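next come a sequence and a model predicted from it.
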Number of protein chains: 2
Amino acid sequence: MTISMHSASAPVFTRALNRMLSWLDKAEAHAGAKKFEPAVYLTLRLAPDMLPFTRQIQIACDAAKFGVARLAGVDAPKFEDNEASLADLRERIRKTIAFIESLPADSIDGTDAKDVVLPRRDGPITLKGEFFLKAYALPNFFFHVTTTYALLRHAGVEIGKSDFLGPLQG
Amino acid sequence: MTISMHSASAPVFTRALNRMLSWLDKAEAHAGAKKFEPAVYLTLRLAPDMLPFTRQIQIACDAAKFGVARLAGVDAPKFEDNEASLADLRERIRKTIAFIESLPADSIDGTDAKDVVLPRRDGPITLKGEFFLKAYALPNFFFHVTTTYALLRHAGVEIGKSDFLGPLQG
């Protein structure tokens, strides 16, 4: 009849994070085929004043990590933001998935009307859980996921919409 | 306690579509300041084999339109895909928002376990409403919204994350 807060958040994040892992595999293969160092991807940008590839993945992970942690009211694991290779970025994504999957569904369920405090440049703001998820956490997460995808496409990696969405049937 | 299917879909789509309208205003101002025809945006692509700007907006609109229409089990308005200016694209977005807002919440609520038929290249597939929304409609929508944003950023339009997310407090 309705969607639980856990179901509307955790599996949406982990599904897309797993997609990103598959893109990194294709990116590595593309670098091999074209004979360039995979580390070349790490500093790619779509515009000089946009964040580079590594930051897009780091922030996508953090958007997911903090998305569930703030709803559940638990501390998220701290990452050092020192990834220097595709392997490091894969590990960051895997640790993020593991954290999200470690949270019991009932720690997130029922948080739709819970106050969630969001740190912002101008000071913290307080949002209700459902609005936090729908207006901030999910759009911000998909922003960085899609920008990661766009950078790889722009770099010639052979990924398409089905790599973005993933399998829709088992 | 939980999120309704309407609340998890319709306002998420309309919020982001309204953001896109605001980006087109800034894109038009940027073209004016730099003295180029705003129609230049329409054919921009991030890669030669990616869809151009106009198609990104058309598909974002369709992802939102069909997202709610398939859940509600109603026909979506047909658009001709003949937009040839930023004004036309604005109109497409406004018509999409109007359609989404015309659907009563109770036509979408309770559709989480409903069978939704999704046309695909290899033939139609049937998904449950909640999975359709979370694994297809919302990610696909945000894909095209974010790619539209990326094209404008790549073209030098001065938009930032706050233009993407929109106001978080009233």
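Cool, got the structure.

OK, contacts around A:Phe132?
Residues near A:Phe132 by C-beta atoms under 8 Å, 6 or more residues apart in numbering or on different chains: A:70-71, A:116, A:118. (C-beta placed from N, C-alpha, C; glycine too.)

can we see that at 10 Å?
Contact analysis of A:Phe132 by C-beta atoms under 10 Å, 6 or more residues apart in numbering or on different chains lists A:9, A:67, A:70-71, A:111-112, A:114-118, A:125-126, A:138, B:168.

list buried residues within these.
The neighbour-count test (16 or more other C-beta atoms under 10 Å in any protein chain shown) marks A:9, A:67, A:70-71, A:111-112, A:114, A:116, A:138 as buried among the contacts of A:Phe132.

so which of these also contact chain B?
Taking C-beta under 10 Å from any C-beta of the partner chain as the test, chain B is in contact with A:9, A:111-112, A:138 out of these.

next step: those restricted to helices.
Under the assignment DSSP state H, those contribute A:Leu138 to helices.

could you dump the ones next to chain B among the buried ones among the contacts of A:Phe132 to CSV with pLDDT?
Converted to CSV, those look like this (pLDDT from 0 to 100):
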residue, pLDDT
A:Ser9, 98
A:Thr111, 97
A:Asp112, 97
A:Leu138, 98
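
which one of the ones next to chain B among the buried ones among the contacts of A:Phe132 is nearest B:Ala76?
Nearest to B:Ala76 among these: A:Leu138, at 22.9 Å, using C-beta to C-beta.

how about that closest one: what's its closest non-neighbour residue?
In this structure, A:Leu138 finds its nearest non-sequential neighbour in A:Val12, 6.7 Å apart by C-beta to C-beta, 6 or more residues apart in numbering or on different chains.

next up, the contacts around that neighbour.
A:64, A:67, A:100, A:133, A:137-138, A:141-142, B:133-135, B:138-139.

can I get those in TSV with distance to B:Thr43?
Below are these laid out as TSV (distance: C-beta to C-beta, whole Å):
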residue	distance to B:Thr43
A:Ala64	34
A:Gly67	36
A:Ile100	40
A:Leu133	36
A:Ala137	34
A:Leu138	30
A:Phe141	30
A:Phe142	25
B:Leu133	32
B:Lys134	33
B:Ala135	31
B:Leu138	28
B:Pro139	26
